[in-house]
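1. Provided below for reference: sequence and predicted model.
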Amino acid sequence: MIGSYIVDQCLEKGCTVVIVDSLVVAVPTKENELREVPVYTKAQQEKYGAKVDLRIGKMQDREFMRKALQGVEYVFHLAAQGGFQRPFSPYFDSNITGTSVMFDIIWEENKNGTKNVPVKKIVAASSMAMYGEGSYKRKNDGKIIHAKQYRKKEQFEKQQWEYRCPETDEVCEPFPITEDHPGNGTSAYAMSKQLKEKMCFAFGQELGIDICMLRYSLTYGPRQSLHNPYTGMISIFSSLIMNDKAPTVYEDGNQMRDFVFVSDNAAANIACMESANANGKCFNISTGKGTSVATLATFLIKAFGKEKTLKTAFPGSFRVQDCRDMVLDSSALKKATGWAPTITFEQGVQKQVDWVLEEKKKGEVIKDYFTEATAKSGLVHTAESDAKRRKMA
């Protein structure tokens, strides 16, 4: 999704664009293994016609990447395997192996001074997931805490949802995360993004390529996949509501998230590519404003006109590797490049709702992929279900 908006904005600037995309997404099978399925129709593949050079393949394919990178000077690297499902290895195969192959090809094609792949700068996608748990402020003295670990499962089972200071055990307030947060994400996806950042900076320095890494907050908008059960909270809730199912919210629904509209995200990528002030830096892309998950669910139910028949479900379920609050501070990005978000939460979500409804009119079959995928994952818990499992054991 984000890549297509970057392409749009590059074309508006008169750039010659090469798109590298597998045009598939990995989804779980009944055996909870990952299977790749197409996510774009032929019409979508032909969206740009002769304006771009569309190369369909995987970054892990060395010869494919060798051909795709010929003559390329600037790279937006967004290819990734996202999600939280098992197994672990696909995240590293896609996010790490694919990235290292890209640098291998740049080195191989230029080592004799031929400059067949004259890459000057790479702007690459990281993720807020690398932070793990968020940043918080103690109420009694205002101390800022960069959380070093997720909340403990025992706390979840007592339905004590808020982040508590490890020193005083007091409930803390969410605080916007700055880029100096050490990053303690322990999911396969989060760790792959942490390593990707280190790889890009190290290999870029060795090869003389300017690097900028961008940590995305939750990005949404039209074109977000309606088939991938891990594509994003807004698409997931929309698919449930369109199937007359109540959106299910974990914990108490008061956890905060930072939603940034896709065109704003793309504009940040462009700004970082154009600005020398972004070279060698890592920035958050965000609005800096938190919205509760319960607020999002309520807004979507109303936007789809289902407020008389649906109400948000709060079953008290949880995932032990979920952060409580995740709001990012993007002031460093604004200072370096002048970028700032332009689309409000209400405007952006309504744009996505309008797009979903239009897709349905065009014949798009909108199914609920999330419920089954979540049940298979084994990652969602309730205090009752965990007690039952312990008794059976």
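-> Great, that's in hand. This structure is a prediction, so every number in the text was calculated from the model and none was measured.
2. alpha carbons only for contacts and neighbour counts from here, please
-> Fine.
3. alpha carbons only: can I get whichever helix or strand residue 239 is part of in CSV?
-> Following DSSP states H and E, one finds residue 239 within helix 233-242. Provided in CSV are the C-alpha atoms of helix 233-242 (Å, rounded to 0.1, in the frame of the first residue of the first chain):
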residue,chain,number,x,y,z
MET,A,233,-6.3,-2.7,12.7
ILE,A,234,-8.6,-0.5,10.5
SER,A,235,-8.8,-3.1,7.7
ILE,A,236,-9.4,-5.9,10.2
PHE,A,237,-12.2,-4.0,12.0
SER,A,238,-13.7,-2.9,8.6
SER,A,239,-13.8,-6.5,7.4
LEU,A,240,-15.6,-7.6,10.6
ILE,A,241,-18.1,-4.8,10.5
MET,A,242,-18.8,-5.5,6.8
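4. and the next helix or strand after it, what does it pack against?
-> Sequence-wise, the next helix or strand downstream of helix 233-242 (DSSP H and E) is strand 256-257. If contacts are counted by 3 or more Cα pairs under 8 Å, 6 or more residues apart in numbering; DSSP states H and E, strand 256-257 sits against strand 291-292.
5. quick one: strands adjacent to the strand it packs on?
-> strand 256-257 (antiparallel) (DSSP bridges).
6. which outside residues touch the helix or strand that the partner strand is followed by?
-> Following strand 256-257 in sequence order, the next helix or strand is strand 259-261 (DSSP H and E). Strand 259-261 has contacts (Cα atoms under 8 Å, 6 or more residues apart in numbering) with 217-221, 285-287, 289-291, 341, 343-345, 348.
7. closest to residue 174 among those?
-> residue 290 (8.9 Å; Cα to Cα).
8. so what's residue 343 up against?
-> 260-261, 264 are the contacts of residue 343 under Cα under 8 Å, 6+ apart.
9. if we go to 7 Å?
-> Residue 343 sits next to residue 261 when contact means Cα atoms under 7 Å, 6 or more residues apart in numbering.
10. assumed it was part of a strand.
-> No: counting by DSSP: H, G, I helix; E, B strand; the rest coil, residue 343 is not part of a strand but coil.
11. quick one: which of the contacts of strand 259-261 is most hemmed in?
-> residue 285 (32 neighbours; other Cα atoms under 10 Å).
12. I'd say it and residue 216 touch.
-> Yes: distance between residue 285 and residue 216: 5.0 Å, which falls inside the contact criterion (Cα atoms under 7 Å).
13. what comes up buried for the helix holding residue 239?
-> By neighbour count on 16 or more other Cα atoms under 10 Å, the buried set for helix 233-242 is 233-242.
14. make CSV from those and add distance to residue 199 and pLDDT to it.
-> Formatted as CSV, these follow (distance: Cα to Cα, whole Å; pLDDT from 0 to 100):
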residue, distance to residue 199, pLDDT
233, 29, 91
234, 31, 94
235, 31, 92
236, 32, 92
237, 35, 95
238, 36, 95
239, 36, 93
240, 38, 95
241, 41, 96
242, 41, 95
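15. other residues contacting stretch 227-245?
-> 27, 83, 224-226, 246-247, 297, 301, 366-370, 373.
16. for this structure, identify the residue most remote from the centre.
-> Using Cα atoms, centre = their mean, the residue of the chain lying farthest from its centre is residue 112. It sits 37.7 Å away.
17. how much space separates that one from residue 94?
-> Distance of residue 112 to residue 94, computed by Cα to Cα, to the nearest Å: 28 Å.
18. residue 77 too?
-> Counting by Cα to Cα, the gap from residue 77 to residue 94 is 12 Å.
19. more neighbours: the two, which one.
-> Comparing residue 77 with residue 94 by other Cα under 10 Å, the one with more neighbours is residue 94, at 19 against 16.
20. tell me the contacts of that one?
-> Residues near residue 94 by Cα under 7 Å, 6+ apart: 80-81.
21. wait, a helix at it?
-> Yes: counting by three-state DSSP, residue 94 is located in a helix.
22. pull out the buried positions in the helix or strand hosting residue 156.
-> Assessed by DSSP H and E, residue 156 sits inside helix 153-157. Applying a neighbour-count criterion of 16+ other Cα under 10 Å, one finds 153, 156-157 buried in helix 153-157.
23. do stretch 284-304 as well
-> Using 16+ other Cα under 10 Å as the test for burial, stretch 284-304 gives 284-291, 293-294, 296-301, 303-304.
24. okay, now the nearest residue to residue 219 once chain neighbours are set aside: neighbour count?
-> Among residues not flanking residue 219 along the chain, residue 260 sits closest, at 5.0 Å (Cα to Cα, 6 or more residues apart in numbering). With neighbours defined by other Cα under 10 Å, the count for residue 260 comes to 26.
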